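Asks: build me a model from this:
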Amino acid sequence: MTLSAEWFAAFDLAPAHSRPELLAAAVRPAVAGREDVLVAPIDPGLADTAAFCAHYGVPEASSANCVIAAGKRGGEERLAAVMVLATTRADINGIVRRHLDVRKISFAPQEMATGLTGMEYGGITPLGLPGGWPILVDAAVVAAGPVVIGSGLRASKIVLDGAALAALTGAVVLDGLAR
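Replies: Numbering: from 1, shown residues only. So this is what the prediction gives:
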């Protein structure tokens with residue numbers, strides 16, 4: 001990945017596999033040996049997207065958020081990670097609901113999202129999610145080039161090419177996932 005954006009200078013980036021202390025335990029196996037996944041420490045008090053982007057000078061169009069959606073059909077719970085750029089909102093009640101084939105859907109409660117992923121709220125990432133979860137990625141994230149995403153912890157961020165998210169096991173790229 002070519003690091004040409006000015007905002008990269010604000011970070012002490014290193015290959016994620018070389019800084020395991022900056023990753024949630026669930027994320028570590030997912031980045032093992034990958035040179036295209038970088039990590040940098042940040043102030044955990046600035047992990048929320050708006051504060052992070054403002055403080056570190058990262059354009060919101062270069063920041064992607066991961067939310068966990070939870071829906072039910074016939075008593076069966078269906079979960080998915082949803083990746084959209086910070087400049088947009090996920091179409092949870094439309095595209096995500098239809099993709100998961102559920103009648104009701106919402107954002108997973110914080111305790112559920114953190115408990116099932118083993119990650120901190122505000123740092124959830126599609127890397128290292130439980131097996132079998134679909135990862136729904138908005139096409140704009142894939143096309144964005146290098147993006148900042150969670151690391152599983154609030155004290156760091158991962159940088160990788162948005163197109164790498166499309167190659168994750170369980171990933172589905174959807175046009176119009178975000179508005």
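Asks: farthest residue from the center of the protein?
Replies: Gly74 (28.5 Å; CA atoms, centre = their mean).
Asks: if I look at that residue, how far off is Val102?
Replies: Gly74 sits 9 Å away from Val102, going by CB to CB, to the nearest Å. Bear in mind the C-beta positions are built from the backbone N, C-alpha and C, glycine included.
Asks: and if you look at Thr49?
Replies: Thr49 is 26 Å from Val102, by CB to CB.
Asks: correct me, but Met112 touches Ala70?
Replies: Yes - counting by CB atoms under 8 Å, Ala70 is a contact partner of Met112 at 6.7 Å.
Asks: the two: who's more crowded?
Replies: Ala70 (20 against 14; other CB atoms under 10 Å).
Asks: isn't the more buried one up against Leu79?
Replies: Yes - Ala70 lies in contact with Leu79 (CB under 8 Å); the separation is 5.4 Å.
Asks: now do the shared contacts for these two.
Replies: Counting by CB atoms under 8 Å, 6 or more residues apart in numbering, the common neighbours of Ala70 and Leu79 are Ala108.
Asks: local confidence estimate at the closest residue to Ala10 other than its chain neighbours?
Replies: Setting aside the residues directly before and after it, Ala10 is nearest to Tyr56 in space (CB to CB, 6 or more residues apart in numbering), at 4.7 Å. At Tyr56, the pLDDT value in this model is 92.
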